[in-house]
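[1] structure, please.
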Amino acid sequence: MVAASAGTGAPSYRPQAGAQVSRRAPRRYPSAGLSVAERAYSALAERFGSRDAVRERYRKRLEAEILELAKAGLLPKLELLLDLYNYASAAGIVIGPGRGAVAGSLVCYALGLTEIDPVRHGLIVERFLTSGRLEVEVEVARRTEMVEYLRRRYGNRNVAYLTEWTFESPGRRIIGFRRHESSVAVTVCEVGECLPVWWRGDTFQSQFAPEDAEAAGAAVVTLIGEPILSFLSRLNRAAAREEPELHLDREHGEDSKTAVLFQQTDTGGIPGFESEAMRDLLRRAKPASITDLSALYAAHMVGELERCHALAERMGRNARTRNSRNTHSDAYETPLSEAANHVVAETYGLMLYQERSSSSCIDSAGSSTG
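    A predicted model of the protein is given here:
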């Protein structure tokens, strides 16, 4: 989708010489993937410095991941995403730490597209390889600015909103449709050559779903306005004035004072943790770490009450006895093989995450993700 101009790193939207542009545009384009790979290797070396043993383990995964991303045709899409993130950073726009399957990519972590270490947190890249979805959380007030940048950068005739219509029906009375424009399609050729579009105001729009636009050859970025990021933007500005050494966009590890706030259910204004049902779980579970909070949030989002109660009971029992979490291999018996049981240790023997389910199957079969 995006090719870097030699020497500048700037994307150019031109098909290769002699390439035929048709309504069903080719899925592969002149690729800037090599520059993405080179930057990822360089950035990884900077992150780990002289820690050779750790760096070697990450380097091996990075090599394997780059090959898989290249096979899937995703490296050019990452070039587009990196370009967008660079603009956001220069413009002071707050971006989320990583949303959806892309959080499992070590390449994205190395490049700074996510702030979640997939190796440390046991995330796998296969979900991203399968979906290829690019979802970006951005502060609400500046989402349109991101779209305008794409239009300036790649040309107004190469960018289109993907418009979805939904019913608005309070009660039983249908009052009309509501238009959503969260996704943006970027194309090599003029967007009308790839997608059915119409001109509205000063932009192209299409009613293709994101997956259909991808199948037609477009790169699709979903920009999701997130109110909490607007709050963090204001907080960042205040911190820059009062505490210049404090960087809110970095992972600061465990914080016992923050854990106490959750244990006391003082969670008003924290998305996902302010409902009465979640506060009840926090009150019973007494979470002591970000890992505990992630497990509670995942169980609550799934909505299986039995699993929520089981997790809260096990976590709370651990808090009451003051034992180190997961120190006893037989603490929570599961039907999994001995080799696979370690993947559910941090969730007290409960299978909560898709990645853990995949890892358990792989370990039990003595196989690999390749």
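[2] which residue is nearest the middle of the chain?
    Among the residues of the chain, residue 99 comes closest to the average C-alpha position under Cα atoms, centre = their mean, at 2.3 Å.
[3] need phi/psi at that residue.
    For residue 99, the backbone dihedrals (degrees, to the nearest 10) come out as phi -130, psi 140.
[4] try residue 195
    Per-residue torsions, residue 195: phi -130, psi 150 (degrees, to the nearest 10).
[5] list the contacts for the closest residue to it other than its chain neighbours?
    With Cβ to Cβ, 6 or more residues apart in numbering as the criterion, residue 195 has its nearest non-adjacent residue at 4.5 Å, and that residue is residue 206. Yep, even glycine has a C-beta here, placed from its N, CA and C like the rest. Residues near residue 206 by Cβ atoms under 8 Å, 6 or more residues apart in numbering: 160-163, 185, 191, 195-198, 213.
[6] same deal with residue 160?
    Residue 160 neighbours (Cβ under 8 Å, 6+ apart): 184-185, 187, 191, 195, 197, 203-206, 218.
[7] which residues in the stretch 51-200 of the chain form strands?
    134-138, 159-168, 176-186, 198-200 (DSSP state E, counting those that start in this stretch).
[8] what's the average pLDDT for the shortest one?
    It stands for strand 198-200. This predicted structure assigns strand 198-200 an average pLDDT of 88.
[9] elements contacting it?
    Here strand 198-200 touches strand 203-206, going by 3 or more Cβ pairs under 8 Å, 6 or more residues apart in numbering; DSSP states H and E.
[10] strand partners (parallel or antiparallel) of the strand it packs on?
    If you go by DSSP bridges, strand 203-206 pairs up with strand 159-168 (parallel), strand 198-200 (antiparallel).
[11] how close does the closest residue to the residue nearest to the centre of the chain other than its chain neighbours get to residue 81?
    Spatially, and ignoring its direct neighbours in sequence, residue 99 is nearest to residue 135 (4.6 Å; Cβ to Cβ, 6+ apart). Going from residue 135 to residue 81 by Cβ to Cβ, to the nearest Å gives 10 Å.
[12] common neighbours of the two, please.
    Counting by Cβ under 8 Å, 6+ apart, the contacts common to residue 135 and residue 81 are residue 221.
[13] for the stretch 151-300 of the chain, give me the ranges with low pLDDT.
    Low-confidence segments of the stretch 151-300 of the chain (pLDDT under 70): 166-181, 245-254.
[14] where do the helices sit along it?
    Secondary structure of the stretch 151-300 of the chain (DSSP state H, counting those that start in this stretch): helices at 191-194, 210-215, 227-242, 256-263, 276-285, 290-302.
[15] which among those is found nearest to residue 59?
    Among these, the nearest to residue 59 by Cβ to Cβ is helix 290-302 (25.8 Å).
[16] now do that closest one: which elements does it pack against?
    Judged by 3+ Cβ pairs under 8 Å, 6+ apart, helix 290-302 is in contact with helix 276-285, helix 305-321.
[17] export those helices to a markdown table and tack on mean neighbour count and distance to residue 230?
    A markdown table is the format used below for the helices and strands packed on helix 290-302 (neighbours: other Cβ atoms under 10 Å; distance: least, Cβ to Cβ, whole Å):
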| stretch | mean neighbour count | distance to residue 230 |
| --- | --- | --- |
| helix 276-285 | 17 | 22 |
| helix 305-321 | 16 | 30 |
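[18] would you convert those helices into CSV that also reports distance to residue 66?
    Formatted as CSV, those follow (distance: least, Cβ to Cβ, whole Å):
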stretch, distance to residue 66
helix 276-285, 39
helix 305-321, 37
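[19] what's the closest of those to residue 124?
    Closest approach to residue 124 among those is made by helix 305-321 (22.0 Å; Cβ to Cβ).
[20] what's next to that closest one, contact-wise?
    Residues contacting helix 305-321 (Cβ under 8 Å, 6+ apart): 281, 284-288, 292, 295-296, 299-300, 325, 332, 347-350, 352.
[21] so that helix versus helix 256-263, what angle?
    Helix 305-321 and helix 256-263 are oriented at 130 degrees to each other (axes from the mean of the first three to the mean of the last three Cα atoms, to 10 degrees).
[22] pretty sure residue 146 sits against residue 86.
    No: assessed by Cβ atoms under 8 Å, residue 146 is found out of contact with residue 86, at 11.8 Å.
[23] who has more neighbours, those two?
    residue 146 (22 against 13; other Cβ atoms under 10 Å).
[24] do you know how far the more buried one is from residue 62?
    Using Cβ to Cβ, residue 146 is found at 28 Å from residue 62.
[25] what's the answer for residue 109, then?
    Residue 109 is 9 Å from residue 62, by Cβ to Cβ.
[26] outline the domain layout of the protein.
    Using automatic domain parsing, the domain ranges for the chain come out as 3-229, 255-365.
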